[in-house]
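J.: pasting the structure only:
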């Protein structure tokens, strides 16, 4: 019987979703604990890879296990036994042919940037020391949506057959974090930025390379229209540098 | 010449504000870096102690240094050299008799609790596994304001001459953290609680003992009126257990 797990994780201590030799991963943690609880070897399939240090909210995975599991009890036990950086929200019976990766129709990511020195955000947001022109970055975002080849933002060595993705949304907004509203942390308008991008699929390193490219534009080192050139080039080396993974969240997987 | 520093810190790696032998403290970090920058021994006086692991936003300290310092440049250099868990917001010339501790007229603290499994909050909020009745806790809070003896909430061994404090405000509210609004982290209303308390001064461990006592009431193990008994007892052992320090923030010092 197929089961679906919805979970969130703080990626800080993991080298990514996917099992790797000699490195902690979310997939390995889940398989190990499910194996103990169900007393058989369990293979867990996730909605997709996330890189080392990247976080996820509402991540979806599936596994095949014995019929008639008490899913509520299983969720409770998983939370008790998994590393505290992983939170299981729900375990439910899925359709026999449900596939966490192939059935996903859209994924969304958010990337957080703070421009002010802020110790309370260092774990989940990237401190960007430059002045950023959010309007210029949003102008550049307008080149992203559409079904096109994104190999300019694909990490060299990615094993994908195709680099075509259908980007549906990309934009920057400002936001106000909890410790500003609740604690009065001193900041100015625009010190906290968040980038959201939605697509049918993402290539390896794609969001971080896009953000790095947008930051080049936000800093004023390039014009917004440079984004069109980068996209047309199909060449990773023409885009900006990748930004760090600890500020990236897989936000949602839609089916 | 006297200078005033306004700063925030993530208390996680520190054993508290105050210098202690063989343990990292915020005071020691500041004195060490100021000593290097100003090339003389500098004594820094803070608005008050904070316990190990407790955080602060808008903390105030003063020191005496050479006349005519470039305060903006000093603030910049401090941020570059201090541990990343400390953020200096402002260095300014103060009145010659300004005293960060004795001149403070009010301090406020906030204590954060989450009731749901949430890896993104574990660093700054206490996961309380019990159902909490916020109305009962707020009813009990009504016994706190006023100038009275708070030795029932003072850590035994506190070296204060008097245990009288003037509590001006104490209440619980619900709040919604950033990763719920920005990332849709699954939760229910009331999963995130914050307690605020304001007073002219606080005794050692006082806020954490008050929160622990209120949690006993919130869990339903005691009635709200128990707070009056605890206060009247003057005895630390009659109150609830202290809650952990990592969820406590010194929020503001007023002068």
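T.: Cool, the structure landed. Every value quoted in this text rests on a predicted model; they were computed, and no experiment measured them.

J.: Any regions of chain A where pLDDT drops low?
T.: A:158-159 (pLDDT under 70).

J.: and it, which residues reach chain B?
T.: Within chain A, the residues that sit near chain B (C-beta under 8 Å from any C-beta of the partner chain) are A:6, A:8-10, A:55, A:57-58, A:79, A:84-89, A:110, A:112, A:117-120, A:122-124, A:175, A:177-179, A:181-186, A:194, A:249, A:251-252. Where you see a C-beta, it was placed from the backbone N, CA and C, and this is true even at glycine.

J.: Do a quick rundown of the strands in chain A.
T.: Assignment of strands within chain A using DSSP state E yields the ranges A:2-9, A:44-46, A:55-64, A:86-93, A:106-114, A:126-127, A:146-149, A:164-174, A:192-199, A:248-254.

J.: Just send these back as TSV, with distance to residue B:37 and mean neighbour count too.
T.: TSV is the format used below for the strands of chain A (distance: least, C-beta to C-beta, whole Å; neighbours: other C-beta atoms under 10 Å in any protein chain shown):
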stretch	distance to residue B:37	mean neighbour count
strand A:2-9	41	22
strand A:44-46	49	21
strand A:55-64	37	23
strand A:86-93	43	19
strand A:106-114	25	22
strand A:126-127	22	18
strand A:146-149	52	14
strand A:164-174	34	17
strand A:192-199	29	22
strand A:248-254	36	23
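
J.: Now render these as TSV, adding distance to residue B:16.
T.: What follows is these, written out as TSV (distance: least, C-beta to C-beta, whole Å):
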stretch	distance to residue B:16
strand A:2-9	31
strand A:44-46	42
strand A:55-64	30
strand A:86-93	30
strand A:106-114	26
strand A:126-127	26
strand A:146-149	55
strand A:164-174	35
strand A:192-199	29
strand A:248-254	32
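
J.: Residue A:115 - nearest residue in space that isn't next to it in sequence?
T.: Of all residues not flanking residue A:115 in the chain, residue A:191 sits nearest, at 4.9 Å (C-beta to C-beta, 6 or more residues apart in numbering or on different chains).

J.: ok, now which ones touch that neighbour?
T.: A:114, A:115, A:116, A:118 (C-beta atoms under 8 Å, 6 or more residues apart in numbering or on different chains).

J.: So how do I select the buried members of those in PyMOL?
T.: Listed next is the PyMOL selection for buried residues among these, using 16 or more other C-beta atoms under 10 Å in any protein chain shown:
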select buried, chain A and resi 114+115+116+118
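
J.: Which one of the contacts of residue A:191 is nearest to residue A:16?
T.: If you rank these by distance to residue A:16 using C-beta to C-beta, residue A:114 comes first, at 23.9 Å.

J.: and the closest one, bridged to which residues?
T.: residue A:127, residue A:192 (DSSP bridges).

J.: The closest residue to residue A:169 other than its chain neighbours and chain B, how far apart?
T.: Spatial nearest neighbour of residue A:169, chain neighbours left out: residue A:198 (4.3 Å); criterion: C-beta to C-beta, 6+ apart. As defined by C-beta to the nearest C-beta, to the nearest Å, residue A:198 lies at a distance of 13 Å from chain B.

J.: number of nearby residues for residue A:229?
T.: The number of residues packed near residue A:229 is 14, by other C-beta atoms under 10 Å in any protein chain shown.

J.: close enough to count as contact, the residue nearest to residue A:169 and residue A:166?
T.: No: using C-beta atoms under 8 Å, residue A:198 is not in contact with residue A:166; the gap is 9.5 Å.

J.: What residues does the residue nearest to the spatial centre of chain A make contact with?
T.: Nearest to the mean C-alpha position of chain A, by C-alpha atoms, centre = their mean, lies residue A:250 at 2.7 Å. Residue A:250 is in contact with A:47, A:48, A:50, A:54, A:55, A:56, A:57, A:59, A:107, A:108, A:109, counting by C-beta under 8 Å, 6+ apart.

J.: Show me what it bridges to in the sheet.
T.: residue A:56, residue A:109.

J.: Residue A:86 is in contact with residue A:30, isn't it?
T.: Yes: Residue A:86 lies in contact with residue A:30 (C-beta under 8 Å); the separation is 7.5 Å.

J.: Spell out which residues are contacts of both of those two.
T.: With C-beta under 8 Å, 6+ apart, residue A:86 and residue A:30 have common neighbours residue A:7.

J.: quick one, helices of chain A?
T.: For chain A, applying DSSP state H gives helices covering A:26-38, A:71-81, A:134-141, A:178-181, A:206-218, A:226-233.

J.: elements contacting the fifth one?
T.: So that's helix A:206-218. strand A:106-114, helix A:134-141, strand A:164-174, strand A:192-199, helix A:226-233 (3 or more C-beta pairs under 8 Å, 6 or more residues apart in numbering or on different chains; DSSP states H and E).

J.: closest one to residue B:139 among these?
T.: The nearest among the helices and strands packed on helix A:206-218, by C-beta to C-beta, is strand A:192-199 at 36.4 Å.

J.: what's the most distant pair in the contacts of residue A:191?
T.: Top of the distance list for these (C-beta to C-beta): A:115 and A:118, 9.0 Å.

J.: Pull up the overlap in contacts between the two.
T.: Contacts common to residue A:115 and residue A:118, judged by C-beta under 8 Å, 6+ apart, are A:127, A:191.

J.: doesn't residue A:1 make contact with residue A:67?
T.: Yes: under the criterion of C-beta under 8 Å, residue A:67 makes contact with residue A:1 at 4.5 Å.

J.: higher neighbour count, these two?
T.: residue A:1 (12 against 6).

J.: what about whichever residue of the stretch 151-255 of chain A sits closest to chain B, how many residues close to it?
T.: The stretch 151-255 of chain A approaches chain B most closely through residue A:183 (4.3 Å), counting by C-beta to the nearest C-beta. Counted with other C-beta under 10 Å, the neighbours of residue A:183 add up to 24.

J.: Could you report the separation of the closest residue to it other than its chain neighbours from residue B:216?
T.: Excluding the flanking residues, the one nearest residue A:183 by C-beta to C-beta, 6+ apart is residue B:57, at 4.3 Å. With the distance defined as C-beta to C-beta, to the nearest Å, residue B:57 ends up 28 Å from residue B:216.

J.: Residue A:255 reaches residue A:101, doesn't it?
T.: No: judged on C-beta under 8 Å, residue A:255 makes no contact with residue A:101 at a distance of 10.6 Å.

J.: Compare neighbour counts for the two and give me the winner.
T.: residue A:101 (15 against 12).
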